[in-house]
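Asker: no sequence for this one, just the structure:
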């Protein structure tokens, strides 16, 4: 479904002396249709940059991105725009995806209107369906984003994405800003919707415990490079890279502590 080949991303600054900072260093990975690839690493490791390159929200310095056999990195603007509904992103902060001056109804209806996917009457029928799909009551449609909770905002943002019937979603730390109880609800919702719609996910997180629950395979990122990749049980039972081993040990220690000290 998605393939990244030898992707590089670097930034240059300076006028007389050019200084190059490498954000993504020769990364190659693939995501099979219907699976969830968990991309994990510390803050600043390049996870978000790589996720946005996969959607061509950021241009790579070199390398190739293919989606369903299509060379995304060489598409014209018009051709890329036609591909956009099939490739979507859920951001960490839902406030970045929701217009505070628009009601929940209008926020969810906006992509349907922009992409001419439904007429006015059909939109009115689809809004309650989309809200119910993400576990929200239809009467929430009349509220504004500031009148609902963080978890509800993230559900609305997800409903906006699902309105376009995407095949591939980059979930960029979608629960990092939420309370633990709400995190579990959103993660369960994502897995349920993925199964119902056969979605392909690139799930980005710094939390290895979350990655373990969500992912079929895991890619571990450190300093702009993929240092290890494998099936989720293999990564946790037998990590090969020292950095991965430290992440797994820290995740297990945290899990043990919370098990002995429940809130």
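Answerer: That came through, no problem. These figures come from a predicted structure and were not determined experimentally.
Asker: Name the residues that touch stretch 10-25?
Answerer: Stretch 10-25 is contacted from outside by 7, 8, 9, 46, 49, 50, 53, 60, 61, 223, 224, 225, using Cβ atoms under 8 Å, 6 or more residues apart in numbering. Glycine gets a C-beta too; all of them are placed from N, C-alpha and C.
Asker: For the residue nearest to the fourth one when sequence neighbours are not counted, give me its contacts.
Answerer: Spelled out, it's residue 46. Leaving aside its chain neighbours, residue 46 sits nearest to residue 224 (4.4 Å; criterion: Cβ to Cβ, 6 or more residues apart in numbering). Residues counted as contacts of residue 224 (Cβ under 8 Å, 6+ apart) are 9, 22, 23, 24, 25, 27, 45, 46.
Asker: Could you identify the buried members of the residues you listed?
Answerer: Among these, those classed as buried by 16 or more other Cβ atoms under 10 Å are 9, 23, 24, 27, 45, 46.
Asker: burial of residue 208, as a residue count?
Answerer: Neighbour count for residue 208, taken as other Cβ atoms under 10 Å: 25.
Asker: if I read this right, residue 88 contacts residue 168, doesn't it?
Answerer: Yes: under the criterion of Cβ atoms under 8 Å, residue 88 makes contact with residue 168 at 7.4 Å.
Asker: host element of residue 56?
Answerer: Using DSSP states H and E, residue 56 sits within no helix or strand.
Asker: and it, what is it in contact with?
Answerer: Here residue 56 is in contact with 65, 72, 73, 75, 80 (Cβ under 8 Å, 6+ apart).
Asker: and it, how far is that from residue 100?
Answerer: 28 Å (Cβ to Cβ, to the nearest Å).
Asker: Kindly report the same for residue 213.
Answerer: On the measure of Cβ to Cβ, residue 213 and residue 100 end up 32 Å apart.
Asker: the more surrounded of those two?
Answerer: Applying other Cβ under 10 Å to residue 213 and residue 100 shows that residue 213 carries more neighbours, namely 15 against 9.
Asker: Can you tell me the number of residues neighbouring the residue nearest to the more buried one when sequence neighbours are not counted?
Answerer: In space, and not counting its chain neighbours, residue 213 is closest to residue 187: 6.4 Å by Cβ to Cβ, 6+ apart. Residues near residue 187, counting by other Cβ under 10 Å, number 19.
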